[in-house]
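Student: give me a model of this one.
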Amino acid sequence: MSGPLLRKLRAGIVGGGRGAFIGSVHRIASQLDGEAVIVAGALSSDPQNARESAAEWYLPRSYDSFETMASAEAAREDGIDFVIVATPNHLHFPVAKAFLDAGIHVMCDKPLAYARAQAEELASIASRGSTLLGLTHNYTGYPLVREARARVKAGEIGQLRKVLVEYNQDWLMEPLELGGQKQAAWRTDPARAGKSCCVGDIGTHAAQLLEFISGQRIQAVCAELSTFVAGRALDDDANMLLRLDGGARGTLVCSQVACGEENALAIRLYGSKGGLEWRQQEPNTLIFKPPGAAPWQILRTGRGETGMAAAAATRLPSGHPEGYLEAFAVLYRNFIADVRRKLAGVPTLGDYPTAEDGVRGLRFIDAAVASSASGAVWTPV
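Tutor: Model (predicted):
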């Protein structure tokens with residue numbers, strides 16, 4: 001592969017065709033900084049839909065299956081440098097493995113796989129070092145999430161004592177899956193989503209955000225998973241107590257039946273010297289809470305009071321909202337930079353969620369489901 005540092009990287013995508021929300025997010029985010037262009041895809045398991053979706057995206061190459069795409073692209077002189085996996089959960093493992101085995105780098109939507117053993121196998125392949133495997137836990141790309149992590153690491157809130165994280169939505173309050181709503185149908189189907197809907201879909205985001213900012217890992221969970229919509233096969237609500245390996249304690253609440261909520265992801269961290277609060281629906285604001293009567297400090301994206309970690313993830317002048325797509329794009333920018341390093345034969349930096357985060361996500365799902373099934377007993381992660 002010639003001149004990897006002097007051209008846009010070539011990307012492919014599997015899944016994400018017509019009717020899929022997340023495919024367009026990946027398409028936009030991966031190309032936002034002009035470092036890559038999507039040139040190939042297997043956008044649907046239905047060949048006609050795949051071809052029509054590819055035509056709408058103006059892709060030069062469309063494939064009827066991901067297996068054909070992996071082998072064909074690996075054999076081309078101008079084949080793709082990395083692939084985006086934007087399929088339902090049950091296909092993450094076979095798609096990612098096919099491309100890793102073909103020597104093509106992979107950026108996968110979360111969760112990493114359908115089951116923990118699959119995630120561990122992918123992590124084992126990635127650990128050999130020849131191919132990169134990234135994971136789009138996109139909320140870690142927000143500038144002020146990175147600012148919060150830097151402040152915790154620097155000791156500005158002291159010894160971490162308590163973390164409260166929540167991710168509440170209302171979009172599954174009704175049985176949309178029975179009416180053929182595509183996104184609801186696969187997320188509530190154990191054969192395609194795995195052993196959890198709510199915890200697997202959004203609870204893993206909350207857990208990974210907690211670990212990313214706090215620098216501590218969830219050691220054990222005491223969880224109660226609930227299914228409120230009659231006839232639904234998987235959970236649509238969960239409440240958990242957490243023990244972190246650094247000694248802190250926490251709670252994690254996630255729901256897809258919380259009436260009136262949109263995407264209410266929020267985290268509060270309390271230490272011996274101060275507290276931090278961030279909310280995804282107001283992502284340009286981070287609140288630092290000193291002890292006693294001292295006023296709270298309102299930190300804003302793009303202003304001088306934030307540090308280098310936030311600045312590196314900030315694209316716009318202060319007052320211009322940096323949102324969901326830009327957070328995704330931060331991860332893609334860092335991943336693409338590592339792909340370039342790989343092509344140049346220099347060490348990578350890995351400043352994005354990796355296979356290790358993916359394995360931890362599946363272990364978290366397993367622990368939460370097992371805890372709930374046993375009557376909300378403490379279960380190790």
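
Student: measure stretch 44-63 end to end?
Tutor: 9 Å (Cα to Cα, to the nearest Å).

Student: which residues does that stretch contact?
Tutor: 15-18, 27, 38-43, 64, 69, 72-73 (Cβ atoms under 8 Å, 6 or more residues apart in numbering). Glycine gets a C-beta too; all of them are placed from N, C-alpha and C.

Student: switch the cut-off to 7 Å
Tutor: Gly17, Arg18, Arg27, Ile38, Val39, Ala40, Gly41, Ala42, Leu43, Asp64, Met69, Ala72 (Cβ atoms under 7 Å, 6 or more residues apart in numbering).

Student: surely the third one touches Ile38?
Tutor: This means Arg27. Yes. Between Arg27 and Ile38 there is a contact at 6.0 Å, judged by Cβ atoms under 7 Å.

Student: what residues are shared contacts of the two?
Tutor: Ile13.

Student: hmm, back to that, what's the farthest-apart pair in the contacts of stretch 44-63?
Tutor: Arg18 and Ala72 (22.6 Å; Cβ to Cβ).

Student: could you confirm Ile38 falls within a strand?
Tutor: Yes. According to DSSP: H, G, I helix; E, B strand; the rest coil, Ile38 belongs to a strand.

Student: for it, which non-adjacent residue is spatially closest?
Tutor: For Ile38, ignoring the flanking residues on the chain, the nearest one in space by Cβ to Cβ, 6 or more residues apart in numbering is Ala11 at 4.7 Å.

Student: from the contacts of stretch 44-63, pick the one nearest Leu316.
Tutor: Nearest member of the contacts of stretch 44-63 to Leu316, counting by Cβ to Cβ, is Arg27, at 20.9 Å.

Student: circling back to that earlier point, tell me which element the residue nearest to Ile38 falls in.
Tutor: strand 9-15 (DSSP states H and E).

Student: ok, now Ala206?
Tutor: Ala206 belongs to helix 204-214, assigned by DSSP H and E.

Student: right, and Ile80 touches Ala40 too?
Tutor: Yes. Using Cβ under 7 Å, Ile80 is in contact with Ala40, at 5.6 Å.

Student: neighbour count winner among these two?
Tutor: Between Ile80 and Ala40, counted using other Cβ atoms under 10 Å, Ile80 has the larger neighbour count: 27 against 24.

Student: contacting residues for the closest residue to His105 other than its chain neighbours?
Tutor: Nearest in space to His105, with sequence neighbours left out and distances taken as Cβ to Cβ, 6+ apart, is Phe82 at 3.9 Å. Residues in contact with Phe82 (Cβ under 7 Å, 6+ apart) are Leu9, Ala11, Ile104, His105, Val106, Met107, Val339.
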